[in-house]
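Q: Predicted structure and sequence below. I'll ask about it afterward.
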Amino acid sequence: DKNWKTRKDSYIFLNQLISKRAGNREAKNDIDSNDIVPSLDSFVIEMVKDKNAGALDAALQCALVYADHCGGACSADLAANVAKEIVKGSSFSSRPTTLKLSTALLLKLMEVGADGASS
């Protein structure tokens, strides 16, 4: 959607869906992403490509919650694709919030990866 506010609201909604499914439990990467939204694993890669700063921050926040709770975040392929898009996209902009969220997401993906920091 070309309307960044709609995309931002969608990312916030996805964030809420994942958070609701996770409840108050610790991050365990035990949620099947497809139970939230079919093909969510692939969509996370698309989310972090957002060009609008406001929508991108919401996308990165959602991706962080995803990385905490969804099993797909443990995939080395997904981590590599997300990292590639973050580095080549707008995520390492001069906006402090975006930079902080991007860094946190990359570190989280390394943490939850099946191979630890090698992913």
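A: Received the coordinates, thanks. Residues are numbered from 1 along each chain as shown.
Q: For the chain, give me the ranges with low pLDDT.
A: Per-residue confidence for the chain (pLDDT under 70) gives these ranges: 1, 114-119.
Q: which residue is nearest the centroid of it?
A: What sits nearest the mean C-alpha location of the chain, by Cα atoms, centre = their mean, is residue 63, with 1.5 Å.
Q: Pull the distance from stretch 73-89 to the chain's centre.
A: Relative to the chain's own centre, stretch 73-89 is displaced by 10 Å; criterion: Cα atoms, centre = their mean, to the nearest Å.
Q: So for that stretch, what gets flagged as buried?
A: Residues 73, 74, 75, 78, 79, 81, 82, 83, 85, 86 are the ones in stretch 73-89 that count as buried (16 or more other Cβ atoms under 10 Å). Placement of C-beta: from N, CA and C, glycine included.
Q: wouldn't the fourth one be in contact with residue 46 here?
A: No: with contacts counted by Cβ atoms under 8 Å, residue 78 stays clear of residue 46, the gap being 11.9 Å.
Q: How about the helix or strand hosting residue 34, which residues are buried there?
A: Following DSSP states H and E, the helix or strand that holds residue 34 is helix 33-36. Judged by neighbour count (16+ other Cβ under 10 Å), helix 33-36 contains these buried residues: 33, 36.
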